[in-house]
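> Predicted structure and sequence below. I'll ask about it afterward.
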Amino acid sequence: MAKPTLAKMSVEALLQLRSDVEVALRRKAEELSRQLSKLNTDLASRTERRGSALKGRKVPAKYRDRSGNMWAGRGAMPVWLREKIKAGAKLQDFAVDKKIASRRKAKNRRRAKR
């Protein structure tokens with residue numbers, strides 16, 4: 001495209017050129033914003049898949065003592081339970097549901113046989 005000499009152009013031609021440039025810049029900005037939003041959507045969908053499905057969910061307590069301390073069985077064993085086990089108590093003694101205790105015993109038996 002030939003480079004127009006702006007000094008030789010009429011005022012109407014300069015105004016028309018300016019409006020054409022504004023339209024072209026607006027289109028380019030809209031296209032870039034669409035591409036950016038698409039990239040953000042793709043990035044957000046990737047990061048959503050990385051998180052654990054169980055993270056942040058509340059679960060019922062599996063172990064409880066008489067003073068009201070509770071543990072759901074997830075994560076590190078709490079200090080109160082660790083101390084009582086060191087003192088000679090068994091984990092099954094603190095089970096809220098006795099089915100948990102029986103499952104734990106069966107699992108330990110399976111491991112011992114291996």
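Great, that's in hand.
> Would you tell me what helix or strand Glu30 is located in?
helix 11-50 (DSSP states H and E).
> What is that helix packed up against?
Packed against helix 11-50, as judged by 3 or more CB pairs under 8 Å, 6 or more residues apart in numbering; DSSP states H and E, are no other helices or strands. For every residue, glycine as well, the C-beta is placed using N, CA and C.
> as a whole number, average confidence for it?
Mean pLDDT, helix 11-50: 86.
> my guess is Lys62 contacts Leu91, does it?
No: between Lys62 and Leu91 there is no contact under CB atoms under 8 Å: 9.7 Å.
> I'd like to know how far Gln35 sits from Leu81.
54 Å (CB to CB, to the nearest Å).
> gap between the nearest residue to Lys84 once chain neighbours are set aside and Leu54?
Spatial nearest neighbour of Lys84, chain neighbours left out: Asp65 (7.0 Å); criterion: CB to CB, 6 or more residues apart in numbering. For Asp65, the distance to Leu54 equals 25 Å [CB to CB].
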